[in-house]
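S.K.: can you look at this prediction? I've put the sequence above it.
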Amino acid sequence: MAHMVETMAYAGDTPWHGLGTKVEHDMTPEEMLIAAQLNWTVSKRPLYTPSAPNVWNLLDPTQETSFTHLPDDHVLMRDSDNTRLSVCGNDYIPFQNEEVMQFFKKFTDAGNMSMETAGSLREGKDIWCLAKLNSDFRVNGSEDQIGGYLLLNNSHQVGKAMTIMLTPIRVVCNNTLTLALGQGGSRFRVLHIQMFDEQVQAAAEEALGLSNAGLQDFQEKVDFLATTAAKDELVDHYVAQLFQPNLLVSNDEVPFTRDEFKRTALAVREAIETSPGADLQSAKGTWWGALNGVTYVLDHQKQSRQAGNGLYSAWLGSAANTKRKALSLAVNMAKAA
């Protein structure tokens, strides 16, 4: 997934993918913006369309083409290089990178956390930050360590809210899961028709409390999976349910072929046996090991069909959805075993 990151800065140890600019701890949001190359703004600009019947004149440079202004639509542009990010309506409020970073800094300060990484994906369409929670745990007290993080994502695309999600990371192999904050499977969201005000900040701090409860719930599930044996035939059934030929992992429009499903199933089986941490007592022959086989393939082996979407898919897109489904299915099958 390393080549999917457009820009990135990190504090502390070098990330597993080895990319990014190293910065000092406790940097201000402004300093992090510069280090992560996020110190640019976005703006809504007028949108025009070729006027009929002159649309075909665009193909002939010798012909003049007239344009019609679309008053209800705008184009969202990155001001530093005029990259087009999205088309939006009148009600859309762009969240500038600086105000998002300031907002997240207040959020992390309230929880005595530190921002560790920040960067952009998909040519700047998505901005993200990771903050470290002070609540790591070891699976059943073993050497298998899980780090707790909060992931903020702000999208400069219409239809996508700013979200904050709980993101446990397994230290031995850097497998990730993005989990919901709050009840009913909802994430903390700020729609792009709202402003950052005290009400939004208060809701964010409430979500911060839910993150600790969410990590505790995750730990209980992990401890259960790590103490429940997984028979080979049940694991094969588990993988088959997750990776049917029509299941999408990296791109929501291109289905897997049957041959690719077979390759994926074999890759998961190999990951269960040989991926980093597979030989730990918590993983060997358990449902926790089966889950990590799936997450390892999705995080580290699956390549996006569309350049720039690999890390996005693993954290925020269809691969992230598959990993959440894999966790739920592993728990259910372990209980039924």
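M.R.: Arrived safely, thanks for sending. Residues are numbered from 1 along each chain as shown.
S.K.: show residues contacting stretch 137-150.
M.R.: The list of residues contacting stretch 137-150 from outside it, by Cβ atoms under 8 Å, 6 or more residues apart in numbering, reads 107-108, 113, 116, 130-133, 135-136, 164-172, 208, 211, 215, 218-219, 222-223, 226-227, 277, 280-283, 288. (C-beta placed from N, C-alpha, C; glycine too.)
S.K.: give me the buried subset of those residues.
M.R.: The neighbour-count criterion (16 or more other Cβ atoms under 10 Å) marks 107-108, 113, 116, 130-133, 135, 164-172, 208, 211, 215, 218-219, 222-223, 226, 277, 280, 282-283, 288 among the contacts of stretch 137-150 as buried.
S.K.: next secondary structure element downstream of whichever helix in the chain runs longest?
M.R.: Ranked by residue count under DSSP state H, the longest helix found in the chain is helix 198-226. Heading C-terminal from helix 198-226, the first helix or strand you meet, by DSSP states H and E, is helix 232-242.
S.K.: mind listing residues that contact the helix or strand that residue 34 is a member of?
M.R.: In this assignment (DSSP H and E), residue 34 forms part of helix 29-35. Around helix 29-35, the neighbours that count as contacts under Cβ under 8 Å, 6+ apart are 9, 21, 23, 27, 38-39, 97-98, 101-102, 104-105, 115, 118.
S.K.: can you add pLDDT and give those residues back as a markdown table?
M.R.: What follows is those, written out as a markdown table (pLDDT from 0 to 100):
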| residue | pLDDT |
| --- | --- |
| 9 | 72 |
| 21 | 69 |
| 23 | 71 |
| 27 | 74 |
| 38 | 93 |
| 39 | 93 |
| 97 | 94 |
| 98 | 93 |
| 101 | 90 |
| 102 | 88 |
| 104 | 87 |
| 105 | 85 |
| 115 | 81 |
| 118 | 87 |
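S.K.: pick the one among those closest to residue 90.
M.R.: Comparing the contacts of helix 29-35 against residue 90 with Cβ to Cβ picks out residue 97 as the nearest, at 22.3 Å.
S.K.: where's the nearest residue to that closest one once chain neighbours are set aside relative to residue 84, distance?
M.R.: Of all residues beyond its chain neighbours, the one nearest residue 97 is residue 38 (4.5 Å), with distances taken as Cβ to Cβ, 6 or more residues apart in numbering. Computed as Cβ to Cβ, to the nearest Å, the residue 38 to residue 84 distance reads 18 Å.
S.K.: over to residue 213?
M.R.: According to Cβ to Cβ, residue 213 stands 41 Å off from residue 84.
S.K.: what do you get for residue 334?
M.R.: Between residue 334 and residue 84 the distance is 47 Å, computed by Cβ to Cβ.
S.K.: what does residue 264 give?
M.R.: 34 Å.
S.K.: which one of the two has more residues nearby?
M.R.: Neighbour totals were compared for residue 264 and residue 84, and residue 264 leads with 22 against 12 (other Cβ atoms under 10 Å).
S.K.: find the nearest non-adjacent residue to the more buried one, please.
M.R.: residue 243 (4.9 Å).
S.K.: for the one you found, give its distance to residue 162.
M.R.: Applying Cβ to Cβ, one obtains 31 Å for the distance of residue 243 from residue 162.
S.K.: keep only those of the contacts of stretch 137-150 that are in helices.
M.R.: Secondary structure assignment by DSSP H places 107, 108, 208, 211, 215, 218, 219, 222, 223, 226, 288 of the contacts of stretch 137-150 in helices.
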